[in-house]
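Trainee: Quick one, what's the 3D model for this:
(chains A and B)
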Amino acid sequence: MIKIASWNVNSIRSRIDHVIKWLSESKTDILALQETKVTDDLFPVNSFEEIGFGSIFFGQPSYNGVAILYNKKTIKSPKQIINNIPDFNDHQSRLIAATFENINSDNQIRIICIYVPNGSAVGSDKFVYKVDWLNSLFKMIKSEKTTFRKICILGDFNIAPHDIDVHDPEKWRDKILCSNQERNLFQKILDIGFFDSFRFKNESKKIFSWWDYRQGSFRKNYGLRIDHILFNSNLKKSLIDAGIEVEPRKYDKPSDHTACWARIEL
DNA sequence: ATGTCTCAGGGACTGAGA
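Mentor: The predicted structure follows:
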């Protein structure tokens, strides 16, 4: 059994203590990070090595950036590492993928950590970039499916898939993160043989993964569920449970996102 | 309430992005 998690940390250097605290408390084996906001030469490799975690990362100055941490006691060094979507000329660092192997069972899983563009507002230039990015991701996933038997796509999707994932669906109707166009692109991934691990195990639970820093949103629970952990259908029977950990959003000077996790037999 | 947080540039505060 291994635990896989995802967390948009909104700067790894600002959140290093939170990540180290949560990593050890949560017994996570593989943690996908988004919005590391750091160049590769400044990624805090040693802080994670000190607690027994290896890391791979793909950053850029100021914005975006992704990484994957893995517990060296349970997971072998990753192979077949890919930075960004092949055949998509991206100037931003938003994807890192690698193959991880359970030390005890020798079973492998392909991990694809993504930070989907926010999109700013429906119809804006940034929205066009988001749609293009997601269409290119879709092509990449189809290709990965031909190579790997067990796949996990996780990260900040910047899409709330259904009204149940939104604190106030009417207020957010057709707005960024909730538009039908974005929801259809999310659904397209599910339609080729993936499932949303949280929703699969928690059919009617209304829990969020992101709350805006403004408006006292967390206090009022004005949130959205926009961070997801998808597996391909081969892993449906292997999924033990899945959840969202609200606690890290209560830490002192928190990220605006909290951590999501899933446990699978591997 | 365009209400908060982070980063970079430049050496106090402003703009971008979310």
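
Trainee: Around DNA strand B, pick out the residues from chain A.
Mentor: For chain A, the contact set with DNA strand B under C-beta under 7 Å from any atom of the strand comprises A:10-11, A:13-14, A:37-39, A:61-63, A:117-118, A:120, A:126, A:213-216, A:253. Quick note: C-beta positions are derived from backbone N, CA and C, even for glycine.

Trainee: Derive a PyMOL selection command for the buried subset of those residues.
Mentor: Buried members of the residues of chain A next to DNA strand B, defined by 16 or more other C-beta atoms under 10 Å, are picked up in PyMOL with:
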select buried, chain A and resi 10+37+38+117
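
Trainee: contacting residues for the residue positioned nearest the centre of chain A?
Mentor: Centroid check for chain A by C-alpha atoms, centre = their mean gives A:Gly155 as the closest residue, at 1.1 Å. Shown in contact with A:Gly155 (C-beta atoms under 8 Å, 6 or more residues apart in numbering): A:6, A:8, A:32, A:34, A:66, A:113-116, A:227-228.

Trainee: all strands of the stretch 1-150 of chain A, in order?
Mentor: Using DSSP state E, counting those that start in this stretch, the strands assigned to the stretch 1-150 of chain A run over residues A:2-8, A:30-34, A:53-58, A:66-71, A:79-83, A:95-101, A:108-115.

Trainee: Indicate which one of those strands is closest to A:Lys130.
Mentor: Checking those against A:Lys130 by C-beta to C-beta gives strand A:108-115 as the closest, at 11.3 Å.

Trainee: Return the mean pLDDT over that closest one, rounded to an integer.
Mentor: Mean per-residue pLDDT for strand A:108-115: 98.

Trainee: Paired strands for it, with orientation please.
Mentor: Looking at strand A:108-115 with DSSP bridges, its partner strands are strand A:95-101 (antiparallel), strand A:151-156 (parallel).

Trainee: List the buried residues for it?
Mentor: A:108-115.

Trainee: Can you lay out those residues as a markdown table showing distance to A:Lys130?
Mentor: As requested, those are arranged in a markdown table below (distance: C-beta to C-beta, whole Å):
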| residue | distance to A:Lys130 |
| --- | --- |
| A:Gln108 | 31 |
| A:Ile109 | 27 |
| A:Arg110 | 24 |
| A:Ile111 | 22 |
| A:Ile112 | 17 |
| A:Cys113 | 17 |
| A:Ile114 | 12 |
| A:Tyr115 | 11 |
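
Trainee: for those residues, which one is nearest A:Ala98?
Mentor: For the buried residues of strand A:108-115, the nearest to A:Ala98 is A:Ile111 (5.9 Å; C-beta to C-beta).

Trainee: Now render the strands paired with strand A:108-115 as JSON lines, adding distance to A:Tyr222 and mean pLDDT.
Mentor: Below are the strands paired with strand A:108-115 laid out as JSON lines (distance: least, C-beta to C-beta, whole Å; pLDDT from 0 to 100):
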{"stretch": "strand A:95-101", "distance to A:Tyr222": "29", "mean pLDDT": "98"}
{"stretch": "strand A:151-156", "distance to A:Tyr222": "18", "mean pLDDT": "98"}
